[in-house]
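Q: fold the following.
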Amino acid sequence: MKTILVDPYPRKMELIFTPQKIQVLKKNYNLINVPKKNQALFYEKNIHKANYRIGQPNLPTSLLKKASRLRAIFNVESNFMDNMDYDYCFKNNIYVLSTAPVFAQTVAEIAVGFTLSLKRDIHQSHLDFIQKKEKYGLEGNTNSSLLKNNKIGFIGFGDLGKSLKPLLEPFTSQFYIYDPWLPEKLIKDSGCTSSSLRQVFKDCDVVYVLATITSNNQSMIDKKLLNLMKKNACLLILSRASVVNFQDLIQILRKGKIKVATDVFPEEPVKKNDPLRKEKNILFSAHRAGALNSVFFEMGEIVYEDLQLMSKNLPPRLCRRAELETVKSLRSKPVNVN
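A: The predicted structure follows:
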């Protein structure tokens, strides 16, 4: 029977697997739960038993060398961490896998909601009504506009962008992508136009920040780019906050030129006295875009299905594989909430 070391922090097995699936796992695999205390000592004594590991806490090379049976590491946080020797894993045929694809559809759907709220001031109209300051009819739409025929810009075009584009196609056919990791042909075949970062911000009516954080793009979106945006253009930050210089963003917000929605923040949870909370022209979401129970259970499903494939000496197909050429440049911080 194959052995799985279970260390899914910040997730819990009950969050990502249904009770029925947990029973199936227990029947088919030897599950060893990693304790919260004395983890270093635990791994020293038990890593050699592992065929698989659910979770990606720190795993130094010294431990990987002892993990002679290890076949795969399942990152259920969603972003590959800069906390292990990927070179060793690749050289020793250890798959490093992420369950990030399960979040694409749920984040894409809420992104459309954010977009419509920004374009039509839905959230502000609701707040005005509660505060007994509502404006009726045309007077309540002085800052509103249609999404129809807008130019849409994607900063990054991975799983999320590929899920979001079809949801926006009923509104427009004009899509522009900045993604230095993708060939122009792939972008063209997706029905989009390859564009420079500057042109996306200058020309597009709605810009979605979907890029993962790397060693090359931290605070990439700064006041120089933000100042290029059209009057009443919309910026939606949906991937990682570190791609955006939030201090510059606050300065631009105070000019009242653009509208912003963000699901992510430089520090989470956001402090009660954070000045960002007082800014206007911004729609806040507390990093909840992907957090649905059904999505977490889907995470468990793709982990289980890939375990089944590997048990048959077949490669995993559903989780995303780390790529040698790009994974070492990723700089995502681990999340600490579900």
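
Q: in terms of residue numbering, what are the domains of the chain?
A: Per automatic domain parsing, the domain ranges recorded for the chain read 3-99+293-327, 103-284.

Q: quick one: closest of those domains to V335.
A: Among the domains of the chain, the nearest to V335 by Cβ to Cβ is domain 3-99+293-327 (5.9 Å). All C-beta atoms are positioned from the backbone trio N, CA, C, and that covers glycine.

Q: ranges for the strands of the stretch 201-338 of the chain?
A: Secondary structure of the stretch 201-338 of the chain (DSSP state E, counting those that start in this stretch): strands at 206-209, 234-237, 259-262, 282-284, 320-321.

Q: and the residue nearest the centre of the protein?
A: In the chain, the centroid-proximal residue (Cα atoms, centre = their mean) is S239; its distance is 4.4 Å.

Q: and for that one, nearest residue in space, chain neighbours not counted?
A: Nearest residue to S239 in three dimensions, chain neighbours excluded: L210, at 5.0 Å (Cβ to Cβ, 6 or more residues apart in numbering).

Q: about what we covered before: from memory the residue nearest to the centre of the chain sits against L160, does it?
A: Yes - S239 is within contact range of L160, at 7.1 Å (criterion: Cβ atoms under 8 Å).

Q: tell me how far the residue nearest to S239 lies from A289.
A: Computed as Cβ to Cβ, to the nearest Å, the L210 to A289 distance reads 11 Å.

Q: what is in contact with these two at once?
A: Counting by Cβ atoms under 8 Å, 6 or more residues apart in numbering, the shared contacts of L210 and A289 are L238.

Q: wait, isn't the residue nearest to S239 in contact with I155?
A: Yes - counting by Cβ under 8 Å, L210 touches I155, with 6.1 Å between them.

Q: if I pick the residue nearest to L307 when sequence neighbours are not counted, what's in contact with it?
A: Among residues not flanking L307 along the chain, Y52 sits closest, at 6.5 Å (Cβ to Cβ, 6+ apart). Y52 sits next to 2-5, 29, 70-74, 307, 310 when contact means Cβ under 8 Å, 6+ apart.

Q: output these in TSV, with distance to G140 and pLDDT appended to each entry.
A: TSV is the format used below for those (distance: Cβ to Cβ, whole Å; pLDDT from 0 to 100):
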residue	distance to G140	pLDDT
K2	61	96
T3	62	98
I4	56	98
L5	57	97
Y29	58	97
L70	60	97
R71	59	97
A72	54	98
I73	53	97
F74	49	97
L307	54	98
M310	57	97
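
Q: for L210 and A289, work out which one has more neighbours and name it.
A: Neighbour totals were compared for L210 and A289, and L210 leads with 28 against 22 (other Cβ atoms under 10 Å).
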